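J.: Coordinates for the following, if possible.
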Amino acid sequence: MMDLYLALRALECLLATSLLIQSLEFLRIRHFGNMAAVWSWEVQKTDVAHAPAWLRRLFDWLYQERIHRLHLLLRTGAAASLYAGVSVGSSTFLFISTVLILIRWRGAFNGGSDFMTLVVLSGVLISQLAQPLVGATLAWKAGLWYIAIHSITSYFISGAIKLLQPEWRDGRILTHFLDGGIHGPLPADSLFRHRLVAMTASWCFIVWECLFPLALAGPQWAMLWCGVAAVFHLLVFRFFGLNRFVWAWFASFPAIVYCSGQW
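T.: The predicted model follows:
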């Protein structure tokens with residue numbers, strides 16, 4: 001069984017690393033957001049054209065270059081502070097900051113990793129806001145359960161969707177994705193061009209994801225399922241370059257392992 005303190009420290013450090021990487025990447029790509037770019041605010045603010053005038057003015061102020069840069073620098077500092085421990089101030093700021101960035105990028109910048117980052121931050125914020133009402137221990141347990149349930153559900157739903165799609169069941173879609181990866185297309189003699197190999201790999205993913213709720217059967221099960229998940233996310237990074245997915249889901253693993261021992 002994972003100790004509560006150890007789970008919290010692991011979560012804080014993994015979340016800090018995830019948020020730091022994201023913040024530094026946002027700072028790095030700032031100079032691409034010029035007036036001619038499709039991701040510039042001048043283009044994307046048309047999404048809120050029908051919002052109240054005061055809200056449009058607020059967004060225009062928040063997303064102007066000088067304020068946006070300051071926001072990202074403050075976000076970087078707040079993320080780094082998590083290595084020393086979370087506080088109600090840092091968790092509130094990082095949660096609001098993440099929501100503002102999602103609005104800036106039309107709801108998502110990096111898809112699922114944005115979702116999981118917000119889930120982990122929500123769990124942390126729940127734990128901070130609930131402490132004056134129910135005490136630190138119960139508040140943290142509630143936050144960890146919130147994170148664990150959402151993380152486990154994300155794997156289960158992903159597996160269930162694959163199970164319902166014939167392209168996943170027969171392995172075709174796996175070969176298609178690998179052909180479109182950063183190192184694609186696959187060589188003509190790649191093992192993944194063999195239908196049996198591709199189908200076997202697909203079914204391994206499907207079964208593992210669909211059975212992810214078993215991670216709550218005990219700490220050993222949680223470590224096994226999270227260990228496989230770590231390998232899975234590293235492979236996704238290797239073939240598709242999705243580095244944010246690695247750290248976003250890693251940050252949820254301490255909650256899963258801790259909650260698995262609370263039955």
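
J.: CA atoms for contacts and neighbours, from now on please.
T.: Will do.

J.: show me what contacts residue 240?
T.: Contacts for residue 240 (Cα atoms under 8 Å, 6 or more residues apart in numbering) come out as 181, 182, 183.

J.: Closest one of the residues you listed to residue 25?
T.: residue 182 (18.7 Å; Cα to Cα).

J.: Reduced to three states, what does residue 110 come out as?
T.: coil (DSSP: H, G, I helix; E, B strand; the rest coil).

J.: mind checking how far it is from residue 42?
T.: Separation of residue 110 from residue 42 (Cα to Cα, to the nearest Å): 20 Å.

J.: after the longest helix along the chain, next one along is what?
T.: Assignment by DSSP state H gives helix 136-164 as the longest helix of the chain. Later in the chain than helix 136-164, the nearest helix or strand by DSSP states H and E is helix 166-169.

J.: any residues touching that next one, and which ones?
T.: Contacts of helix 166-169 (Cα under 8 Å, 6+ apart): 162, 163, 173, 174, 199, 202, 203.

J.: Spatially, which two of these are the most separated?
T.: Farthest pair in the contacts of helix 166-169, by Cα to Cα: 163 and 174, 13.0 Å.

J.: pLDDT (mean, whole number) over the longest helix of the chain?
T.: Taken as a whole, helix 136-164 carries a mean pLDDT of 97.

J.: what packs against it?
T.: Under the contact definition 3 or more Cα pairs under 8 Å, 6 or more residues apart in numbering; DSSP states H and E, helix 136-164 sits against helix 112-134, helix 166-169, helix 195-210, helix 253-260.

J.: now the ones you listed in CSV, with distance to residue 158?
T.: Supplementary listing: those in CSV, determined by distance: least, Cα to Cα, whole Å:
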stretch, distance to residue 158
helix 112-134, 11
helix 166-169, 11
helix 195-210, 7
helix 253-260, 17
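
J.: To residue 103, which of those lies closest?
T.: helix 112-134 (11.5 Å).

J.: List the buried residues in that closest one.
T.: 113-130 (16 or more other Cα atoms under 10 Å).

J.: Need the residues that contact it.
T.: Applying Cα under 8 Å, 6+ apart, the contact partners of helix 112-134 are 15, 87-88, 91-92, 94-95, 98-99, 102, 108, 136-147, 150-151, 244-245, 248-249, 251-252.

J.: Just the buried ones out of these, please.
T.: 15, 87, 91-92, 94-95, 98-99, 102, 139-147, 150-151, 244-245, 248-249, 251-252.

J.: What ranges does the stretch 1-150 of the chain have for its helices?
T.: 4-28, 41-44, 53-62, 65-81, 88-104, 112-134, 136-164 (DSSP state H, counting those that start in this stretch).
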